[in-house]
Structures are given as structure tokens and as C-alpha cells.
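>>> The sequence and its predicted three-dimensional model are supplied below.
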Amino acid sequence: MADVPQDAPEHCPGTESDSAGKSSACQGCPNQTLCSTAPKGPDPVILEIQQKLASVKHKIMVVSGKGGVGKSTFTAHLAHGLASSDTVQVGVLDVDICGPSIPTIMGLEGEQVHQSSSGWSPIYVTDNLAVMSVGFLLKGPEDAVIWRGPRKNGLIKQFLRDVDWGELDFLLIDTPPGTSDEHLSVVQYLNGAGIDGAIVLTTPQEVSLLDVRKEINFCQRVELPVIGVVENMSMFVCPKCKKDSIIFPATTGGGEKMAADFNIPFLGRLPLDPRIGKCCDEGKSFLEEVPDSPATDAFKSIIEKIRDYCSKRPVNKDTETGEAAAQS
Amino acid sequence: MKLLSLARTVVQQRQDVGIMCICRRFSTHEDPFGVRSSPKQTDHQRQMMAKGLPKQRPIEGVKNIICVASGKGGVGKSTTTVNLALAIAAEDPKSKVGILDADIYGPSIPKLMNLSGEPELSADNKMEPLVNYGVKCMSMGFLVDETSAIVWRGLMVMSAIEKLLRQVNWAPLDWLLVDMPPGTGDVQLSIAQSLPLKGAILVTTPQDIALADVRRGATMFQKVHVPVLGVVENMSVFVCPNCGTSHHIFGQKGAQKLSRETGIEILGEVPLDGRVCELSDAGQPIVVAEPNSSQTAVFKSIARKVLEKAS
């Protein structure tokens, strides 16, 4: 289907058509050279990725507009929670190229990726929990990835196309803060394979919500369903006096009100527990190390809701991919 | 806008093909990206490679530019930038201070400085920065709707940053603090390559996870030859308001560990306090709202060290 951009000249044949850049209407258009020389049709990589990920039942992105709200922590513990049953296969893909935290949080620092005939092998935490991150490709902990967008895009494409995940029930994708190259790349490349939804993480304060509202706006614009909002660092329970303190006050209603404003489910609140940070630094699962913490109960309840959401989604993507193929 | 974004997508597709070819040709187990350059580069090769890089140009009328960065998100870069700017203004009342919010995707400076509205244009078509508490500010937040996401790839972000730097009536300023976004990508590279930075201040929390990203941030500044003036440890300790016990919610002695490993000086340790967050949401930086608080004292001490190092 021809794609005529908004500010195109009159009688524009469409950027995808065969006469793109070559018709008389194209003279003087700033896009003329690109239209006449660029490859037409959808990126064939999208189809390759769709085929590669056909064995993955559910794909979930964990996003937030704001940094430091606990996306990686949440992704890792969601993975641990889902993989607590031996029969469930879980994969974690860390697309935070500049700040890959997943290897440390999952206790896989120093591991290296190996290449086999069927692609890149992810690193296994347990038999049913696999992880891939740019952190495994770096020489050391101070090795910085100082890349511009197009290069990050290339690596994300490789992660989606070349990693041999095998049969997975859940693939969790941990993203960096913002709404930029990494997010766009994941959404574009998974256009054929489909994403079940995004979990939006926030902290209660307005400065966070400002950025998170933008993230929800992004999800709406790219038609990515939002599974729900999770409010992290809701309150702090003092281990000594057991009283609650609010460190990040919800001056404008917090995550729950924001979710209501956008008509999105609110999945729950996670309290601050100093042991969570400690477990992340040591690469251990907080759910296993501190099973009696109120934070563990809160995590488990949220994980249950996510499992519930996915169980209602169609696993067989034939109908959806048929539609996607017809549209492109 | 759509035409341009489509053009950029096509450019990226072609560039991606280039990357794929390099990786397939040269990638090895030790070097999966296949991008290690040959060790012996001639002068001619170096000259040719440097041709495409942006040239460093100062901003007219701005004396010192310092960036406040971290590899990690959510450690308090914006809060530190705002309070440090006000502390510098308080320590040196004759100086003129400005803040550039380089976080295009999540601009927090308008909220923290209680500023809103569209900037006016001057006679020579430059944007007038908005001013509050005596500090000039410019942010993407003034140019777009609060709830609209900026879904841009790196290339477009670069041209926005260029406009926020060069098309703003900053002069005269003694200090311009640049609040950087998290990460080590397009924005950080472009700012470091196109501006003569006096130095960088790194912000971290005590956690190992944060330190890992901050180390990467320090490596990046080293590679682009920007001196790191020091590190600020934020959220260092929380004192329970009910029983007075100290809790290291985000770990402890993180900045000290970083300082030992890298030699970077610790500029200050800011404790975690619900008041800072509450006041931030209300657009009242603590340095102005509570000038006698312990946090303000820490920010003023950091400001004195920065003034000493950068002058």
C-alpha cells in the first residue's frame, strides 16, 4: 500500500510505490533521492525475526519514561517469579545498551556469549531461565558502549534475529529510560512477531509521573497494549520501628491516579526494602532470599496478574501475523 | 515531519546493512562487534577519520560549561543540577548561572524550577531562556506538550540539542550547567564533541548497580577528553523520621569505592529525605526553600569545591 507522507508534494505516488522518486511529481521533493534509491517494501528482517521468535509464546516489554525506577530490578524478579515453576521457560532480553544492569542483577557478571550453528546462545541462570544482554559482550565492567542510534539499532536487530532462545513461554524485554532508538527498534522489529504488552513502571512522585505519562503516550502511538502500571518505591517500612515512611511522596496521586487517568489497570505497589538493592548487587533473587518481606508478597501478587493477562492472550499468532502480512 | 522521519529510517536501514556486513566479516569470539580498528593508523588515516566529527565551538558569552551526568538514570542528576546551580549563585552572588536541560525524552528541569510556557523569540531570532530564582533555563519541556512523548531517533535529537545550545540567548553567563540524560549515547557524545566543557560532575547512588553505569560514564568522559571534576553520592542514607535510625536503603560507601578505584574526588554526599522530593514536585529547590537545612549545606559545599576546581 503506497505511503503518502503528510507534507508530500501533490500527486506523490507514495514512498513505497515503484515510481517513488521517479515520477514528475517528485521533482524538487527533498526526499526524492532516498525514495528512488531506497529498498521498497517492509524490512525483510521483520519476517526473519517473526520466524525466529515463532517458538516464543508471550513477549512483554518493561518500560518507564523515567530512569532509576526499578525496571531492571522488576524485570529480573518477574523472570524469577515466572520461572519458579520448572515447566515454564523464560527468557530475558536486556536492550539497555548503554547501561546493561541485567547481568549483575541476575548474578551473571563475567559470562561470555557463545555462537553456535543455530545462533547466539543465551546465558542460563537456571535450566528454564535464559538471559541475553550487551553486558556479556563487553570486555570488563568499565567498558562503555558509546554508540549513536543506528549502531544500537543494528545490535538490537541481531539480538532479536540471531539469539537462539528455543521454546519460550515468556520473553521479557528490559528497556532503557526514554522513548528513543531502543524502544522504536524493538517495536518496529517485533511488528511481525507481535508484543503482548508493556508493563509501565513508575515511582510515586510527580517528577517521575511527568516522564511516565510520555511513555504511556508512546505506547498509545505505536499501538502497544499496556498490561498495567506498577508503582515502585511506594513507601519505606523501617525494619527497626516497623513504621511506614514516605520517601517519594505521591503529591499528585501517584501511579494509581495516573493509571486511572489513562484508563489502564493498576497492577500494584512495591514498597522499598533495603534488601532488594542488596540482592540485586549480589545477583540473587529477592523473592527467594527474603520470602517473608511485604515486598515479596507485593511482587508475587503483581506477577500473578501478569500471568493472568498473558493466559487470556492468543498464543497462536497465525491470525495476527496474517493480518500483519496483509497490511505490509 | 513525517517525510523527514521516513528519510531517517531509510538512512538507518542502509547504515544497518553496513554494520551487519562488518560484523559478519570480522567478528570473532573476542571481538563480536568486529569493529576494533587496526592499531597502526597513519596520520593521514587519522585526519580522514576526524573529518566528519563536529568541531568544538564555545557558546558566545558563556564562560564556563559544566555537565552533570551519570551513566545511570534516576540518581538525581536534575535535582543536583538545579540545587548546585542555585548554590553556585548563592556562593558567588555576582555570577550569572544558567541551566540547559539536555534530557529530550524526560525533561525534568521545568518542573523542578517551577517554570512553564513558551520561550519568546529575540530580535535576532534566538529563544529567550525562562528565568526563575535568578537562573536562566532552557528545556525541551518548554517546547512540547507535557504529555506528548518525543519518539525520535538519535539523529533528530542531535539537531534539537544543537538548537537548544546555539539558538538560545544565553549570554552573558558565568556558569552554564548542562543536565544530561542517562546513558552514554548520542546526546552525551554530541555535547562532549561540540562544546568546550570545563568538566563533568558525576552523580551516583551508593548501589553497585548504579556505580557500574557511572564507571561507564567516567570511561566515556575520559575517551572524549572531558575532565571529571568529581562525584556526588545522592540518596546516601535515610534517617527514619519516627525512630531516628539510619538506613542505607541503596547500599553504602558506593562513592568511596568509586573514588578508590578511579581517583575521582568525592564532592559530597547528599542524604535521602522525603522533603527534597516533596519540594521538587512543588518546584521549590531545597537550596532556596530551606536555606538552613543540612542538604543545602552539602550543596553549598559542593558548589564551593566546583568553583575552586573550575576557576
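Happy to help now that I have it.
>>> Going by C-alpha atoms from here, please, whenever you check contacts or count neighbours.
Fine.
>>> Which residue ranges of chain B form strands?
In chain B, the segments counted as strands under DSSP state E are B:62-69, B:97-101, B:130-132, B:135-139, B:173-179, B:199-204, B:228-233, B:238-239, B:246-247, B:266-269.
>>> Could I have the CA atoms of the last one written out in CSV?
Only the C-alpha atoms of strand B:266-269 are listed here, as CSV (Å, rounded to 0.1, in the frame of the first residue of the first chain):
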residue,chain,number,x,y,z
ILE,B,266,34.0,12.8,46.2
LEU,B,267,32.4,16.3,46.1
GLY,B,268,29.7,15.5,48.6
GLU,B,269,27.2,13.0,50.0
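>>> same for it, what does it pack against?
Applying 3 or more Cα pairs under 8 Å, 6 or more residues apart in numbering or on different chains; DSSP states H and E, we find strand B:266-269 packed against strand B:228-233, helix B:254-262, helix B:294-310.
>>> what does the fifth one give?
Other helices and strands packing on strand B:173-179, by 3+ Cα pairs under 8 Å, 6+ apart, are strand B:62-69, helix B:77-91, strand B:97-101.
>>> And those: which comes nearest residue A:80?
For residue A:80, the closest of the helices and strands packed on strand B:173-179 is helix B:77-91, at 31.0 Å, according to Cα to Cα.
>>> Redo the helices and strands packed on strand B:173-179 as TSV? Include distance to chain A and mean pLDDT.
As requested, the helices and strands packed on strand B:173-179 are exported to TSV (distance: least, Cα to the nearest Cα, whole Å; pLDDT from 0 to 100):
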stretch	distance to chain A	mean pLDDT
strand B:62-69	13	96
helix B:77-91	10	96
strand B:97-101	14	97
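>>> most neighbours per residue, which of the ones you listed?
Mean neighbour count (mean count of other Cα atoms under 10 Å in any protein chain shown) peaks for strand B:97-101 among the helices and strands packed on strand B:173-179, with a mean of 26.
>>> Run the chain-centre distance for it.
Relative to the chain's own centre, strand B:97-101 is displaced by 11 Å; criterion: Cα atoms, centre = their mean, to the nearest Å.
>>> what's in contact with it?
B:81-82, B:85-86, B:88-89, B:107-109, B:134-140, B:164-165, B:170, B:173-180 (Cα atoms under 8 Å, 6 or more residues apart in numbering or on different chains).
>>> what pLDDT does the nearest residue to residue B:247 once chain neighbours are set aside get?
Of all residues not flanking residue B:247 in the chain, residue B:238 sits nearest, at 5.1 Å (Cα to Cα, 6 or more residues apart in numbering or on different chains). For residue B:238, the model assigns a pLDDT of 90.
>>> Please apply the same query to residue A:246.
89.
>>> what number of residues lie near the residue nearest to residue B:247?
20 (other Cα atoms under 10 Å in any protein chain shown).
>>> Then residue A:115?
Considering only other Cα under 10 Å, residue A:115 is surrounded by 15 other residues.
>>> In contact with residue B:109, which residues are there?
For residue B:109, the contact set (Cα under 8 Å, 6+ apart) comprises B:78, B:82, B:101, B:137, B:139, B:141.
>>> Distance of the fifth one relative to residue B:113?
When Cα to Cα, to the nearest Å is the yardstick, residue B:139 and residue B:113 sit 11 Å from each other.
>>> who's in contact with the most centrally placed residue in chain B?
The centroid of chain B falls nearest to residue B:180 when counting by Cα atoms, centre = their mean (1.9 Å). Listed by Cα under 8 Å, 6+ apart, the contact partners of residue B:180 are B:67, B:68, B:69, B:70, B:77, B:101, B:102, B:103, B:187, B:188.
>>> which one is residue 111 nearest to, not counting chain neighbours?
In the absence of a named chain, this looks at chain A. residue A:136 (5.8 Å).
>>> other chain: chain B
residue B:283 (5.6 Å).
>>> Quick one: low-confidence residue ranges for the stretch 101-250 of chain A.
Low-confidence regions of the stretch 101-250 of chain A, defined here as pLDDT under 70, do not occur.
>>> Do a quick rundown of the strands in it.
A:114-116, A:119-121, A:123-126, A:129-133, A:168-174, A:197-202, A:226-237, A:244-245 (DSSP state E, counting those that start in this stretch).
>>> quick one: strands adjacent to the first one?
Here strand A:114-116 has these sheet partners by DSSP bridges: strand A:119-121 (antiparallel).
>>> chain center to the partner strand: distance?
Using Cα atoms, centre = their mean, the mean C-alpha position of strand A:119-121 is found 20 Å from that of the whole chain.
>>> residues in contact with it?
In contact with strand A:119-121 (Cα under 8 Å, 6+ apart) are residues A:113, A:114, A:115, A:162, A:163, A:164, A:165.
>>> Could you list the buried residues of that strand?
When burial is assessed from 16 or more other Cα atoms under 10 Å in any protein chain shown, strand A:119-121 yields the following buried residues: A:120, A:121.
>>> sorry, back to before: give me every residue that touches the residue nearest to residue B:111.
Applying Cα under 8 Å, 6+ apart, the residues near residue B:283 are B:111, B:112, B:113, B:114, B:115.
>>> Likewise for residue B:130?
Neighbouring residues of residue B:130 by Cα under 8 Å, 6+ apart: B:115, B:119, B:136, B:137, B:138.
>>> What helix or strand is the residue most central in space within chain A located in?
When Cα atoms, centre = their mean is applied to chain A, the residue found nearest the centroid is residue A:61 (2.9 Å). Counting by DSSP states H and E, the element that carries residue A:61 is strand A:56-63.
>>> Is that strand in proximity to chain B?
No: shown here: strand A:56-63 not in contact with chain B (Cα under 8 Å from any Cα of the partner chain), separated by at least 13.0 Å.
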